[in-house]
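Visitor: with the input below, show me the fold.
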Amino acid sequence: MNTTLSQRVQSISPSGLRRFFDIAATMQDVISLGIGEPDFVTPERIRRAGIASIERGETKYTSNSGTLELRRALADHLAARYGVPYNAETELLITVGVSEALHCAMLAVIDPGDEVIAPEPCFVAYKPSVMLAAGTPIVVETRVEDEFQVTGEAIERAVTPRTKAILIGYPNNPTGAVMTRARLLEVARVAEEHGLIVFSDELYDRLVYGIAHTCFAALPGMRERTILLGGFSKDYAMTGWRVGYVAAPPEILGAIHKVHQYIIMSAPTMGQVAALQGLLHAEADVLDMVRQYNQRRQIIVAGLNAIGLPTFEPHGAFYAFPDIRRTGLSSEQFAEKLLIEEHVAVVPGSAFGACGEGFVRMVYAASMANIEEALTRIERFAKGQR
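Guide: As a prediction, the model looks like this:
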C-alpha cells in the first residue's frame, strides 16, 4: 500500500486532536473544553436570512468569486474597520471557510521546495497545508515568556535563500495570544527586507479583549505582500455554514481564484446570504458574544492560576493555554488522565507543535456553568498528581 499512496500524504501525521475527541465520544458526563467552536447558536437574524434564501429557491451556484453583494460588504467592512481598501471584484474571494482559503493560497503561491516560516504553537493545519503544496514548513518556536508572540529576530534567523513566505495566525489558536503592533512591525520589516509573502490568518480578529487587533495588511507597505485570510465561523458563530475569504492583490488573488474554481466552484449560496446579513446587521450580536467570552476568559484564567496551573493572560480567540509541567505529566498524559478520571476533555499542547509540550489547550467557548464545574474537576485532578 505504501507504493500506492503519495509520499506527500504519507509524510503528514494525523491530527493530534482526534484521539481525545474519539475517546470522549464513548463516555458519559464529559465536559468538553476541547473543540474550538463557539457554543453560541448562530444569531437569529443570520439564521433567518439563510433560511429565507433557501425558501426563495436560492440553491444554485454563485459566481466562483462569491456573490458580489457579499464581497462589496466585506470590502466596506475591511476599509471601515482597518483602513485597508480592497477591490470587491478583483481582490476578494469567498471560500469554504478559512481552511479552503489557506489551502488554495498555498497551492497558488508555493512551489516544490519553497520554505514557509510558521511560528508554533499554531493551528494544526498550518504545516500540512504547506506540505500539501510541496513546500517545506520551517518552525519558529514561541515562548510563554514572550506571551507566545513571535519576534522579528526569531523569524530573521530562520530565513534562507529558499524562504518564500511567512505564515502567521493571530489572534492565535491554541494560545489565545495577540500580536502587538510593534511585534507585527518587526515581522513586516523582515518580510520587506527579504521580499517575502505573508499569509496572515485573522479568523479571530473580532474576538479580542482589552487590546486592539492589528490587521497585518494595514501595516505600512504590507498590503501588496499580504494574503489576508478571514471568515465568519468564529466571530459570528457560523462554523457549520462554511464561509471564509481571501483578500490579496489582483495578481495573487487571480492565481488563488484559479485553484479555487477547480477545487470548489463556489461557497454555499445560503451561507453567503447569511454571512452578508451578519456583516450588515449583526454587530450587536458579535459584541454581545465578545462580552460573554471575556467574562468566561477571566473566570477560567483566574481559576487555573488559583489551582496552580500557571496561565498567561490570553487576549484573543477563546483559548486558555495553562502550563501543566508541575504535575509531572506530559501534555498527552495530562489530557488522557483528566479525561478518563474526571471526564474533562482538553487538547495536549504538543498537538500544536513541539514547543506546546508542557501545556494544554482549554476552550472557554462553553457555558459558565460547565467552565466552573470543569475547574472543580481539574483542581481535584491536579491535587491528585502532587
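Visitor: residue boundaries of the strands in the chain?
Guide: 31-32, 92-95, 115-120, 136-141, 163-169, 197-201, 226-231, 244-247, 319-320, 344-345, 347-348, 360-363 (DSSP state E).
Visitor: which strands border the fifth one, and is each parallel or antiparallel?
Guide: Just to be clear, that refers to strand 163-169. Pairing partners of strand 163-169, with direction, according to DSSP bridges: strand 115-120 (parallel), strand 197-201 (parallel).
Visitor: buried residues in the longest one?
Guide: This means strand 115-120. Applying a neighbour-count criterion of 16 or more other CB atoms under 10 Å, the buried positions in strand 115-120 are 115, 116, 117, 118, 119, 120. Bear in mind the C-beta positions are built from the backbone N, C-alpha and C, glycine included.
Visitor: contacting residues for the fourth one?
Guide: For residue 118, the contact set (CB atoms under 8 Å, 6 or more residues apart in numbering) comprises 126, 127, 130, 137, 138, 139, 140, 166, 167, 168.
Visitor: circling back: which two of the buried residues of strand 115-120 have the greatest separation?
Guide: Maximum pairwise distance in the buried residues of strand 115-120, criterion CB to CB, is 14.9 Å, between 115 and 120.
Visitor: how far away is residue 26 from residue 339?
Guide: Using CB to CB, to the nearest Å, we find residue 26 at a distance of 10 Å from residue 339.
Visitor: compare these two (neighbour count), which wins?
Guide: In terms of neighbours (other CB atoms under 10 Å), residue 339 is the more surrounded of residue 26 and residue 339; the figures are 22 against 7.
Visitor: hmm, back to that, of the strands paired with strand 163-169, which approaches residue 233 most closely?
Guide: Using CB to CB as the criterion, the shortest distance between residue 233 and those is 11.9 Å, found for strand 197-201.
Visitor: what sits up against that closest one?
Guide: Strand 197-201 has contacts (CB under 8 Å, 6+ apart) with 98, 102, 105-106, 109, 116, 123, 164-170, 187-188, 191, 215-217, 222, 225-230, 252.
Visitor: same deal with stretch 142-154?
Guide: By CB under 8 Å, 6+ apart, the residues outside stretch 142-154 that reach it are 119-121, 140-141, 168, 170, 172, 175, 177-180, 183, 185-187, 189-190, 312-313, 321, 323, 355, 359.
Visitor: list the buried residues for it?
Guide: Neighbour-count burial for stretch 142-154, counted by 16+ other CB under 10 Å, picks out 142, 144, 147, 148, 149, 150, 151, 152, 154.
Visitor: likewise stretch 56-72?
Guide: For stretch 56-72, burial by neighbour count (16+ other CB under 10 Å) applies to 62, 64, 65, 66, 67, 70, 71, 72.
Visitor: the last one against residue 86, yeah?
Guide: It stands for residue 72. No - with contact defined as CB atoms under 8 Å, residue 72 and residue 86 do not form a contacting pair (10.1 Å).
Visitor: residues in contact with stretch 99-111: which ones?
Guide: The set of residues external to stretch 99-111 that reach it, using CB under 8 Å, 6+ apart, is 93, 95, 116, 125-126, 129-130, 132-135, 164-165, 197, 199, 201, 227, 229, 231, 244-246, 248, 252, 255-256, 258-260, 263-264.
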